[in-house]
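Engineer: Predicted model and sequence below, questions to follow.
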Amino acid sequence: MNRVLYPGSFDPVHNGHLEIVEFTARHFDEVVVAAMRNPQKGEPLFSYEERREMLQECFADIPNVRVTMFAELVVELAKKENISLIVKGLRAVSDFENELQMAQTNKTISGVETIFIPCTSSSSFIASKLIREIAFFGGDVSSMVPDNVNRRLLEARKTHQR
């Protein structure tokens, strides 16, 4: 079975993420989408459970996509899942520099390899950090996120305004 791991914080999941998963799901037997808490990205807007629910809703119609959560090195999760290939989406050259270093490190410490999939130009600018900021200040992010995520962002904004 041809399986890949697509890790990320997905806080929140956006159309660029969907693009990568949909592409990958067409080319592999199973895509394991794995959400994590990334301490380098600060405090998450959405909890593990909220992100799990959003991801499951987003990929409910793609039978070969499975969602999981993790709080360990991605290569440890890959080992537990018996997966030897990580998928990473690239938006810009700066993403490549960071992701290449991580891919080489992962390969060195575990043998797990990484493939890079470039986003289309229509989603190459989208970043969860920017979506959180725009939504927090009342901007419209509906063109950048799935409907279920947009609803949760609107709810989160109302909660944080109180």
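Structural biologist: Now that the structure is in, tell me what you want to look at. As the structure is a prediction and not an experimental result, all values here were calculated from the model. Residues are numbered from 1 along each chain as shown.
Engineer: I'd like the distance between the residue nearest to residue 148 when sequence neighbours are not counted and residue 67.
Structural biologist: In space, and not counting its chain neighbours, residue 148 is closest to residue 57: 4.6 Å by Cβ to Cβ, 6 or more residues apart in numbering. Using the backbone N, CA and C atoms, a C-beta is placed for each residue, glycine as well. As for residue 57, its distance to residue 67 is 10 Å (criterion: Cβ to Cβ, to the nearest Å).
Engineer: More neighbours: the two, which one.
Structural biologist: Taking other Cβ atoms under 10 Å, residue 57 and residue 67 do not tie; residue 67 has more neighbours (23 against 16).
Engineer: partner residues bridging the more buried one?
Structural biologist: Residue 67 forms beta bridges with residue 33, as assigned by DSSP bridges.
Engineer: What about residue 18, how many residues nearby?
Structural biologist: Neighbour tally, residue 18, other Cβ under 10 Å: 18.
Engineer: Please spell out which residues along the host helix or strand of it are buried.
Structural biologist: According to DSSP states H and E, residue 18 maps onto helix 15-27. By 16 or more other Cβ atoms under 10 Å, the buried positions in helix 15-27 come out as 15-21, 23-25.
Engineer: pLDDT and distance to residue 151 for these - can I get that in CSV?
Structural biologist: Output for the buried residues of helix 15-27, formatted as CSV (pLDDT from 0 to 100; distance: Cβ to Cβ, whole Å):
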residue, pLDDT, distance to residue 151
15, 95, 15
16, 94, 19
17, 96, 17
18, 96, 16
19, 95, 20
20, 96, 22
21, 97, 20
23, 96, 25
24, 97, 26
25, 98, 24
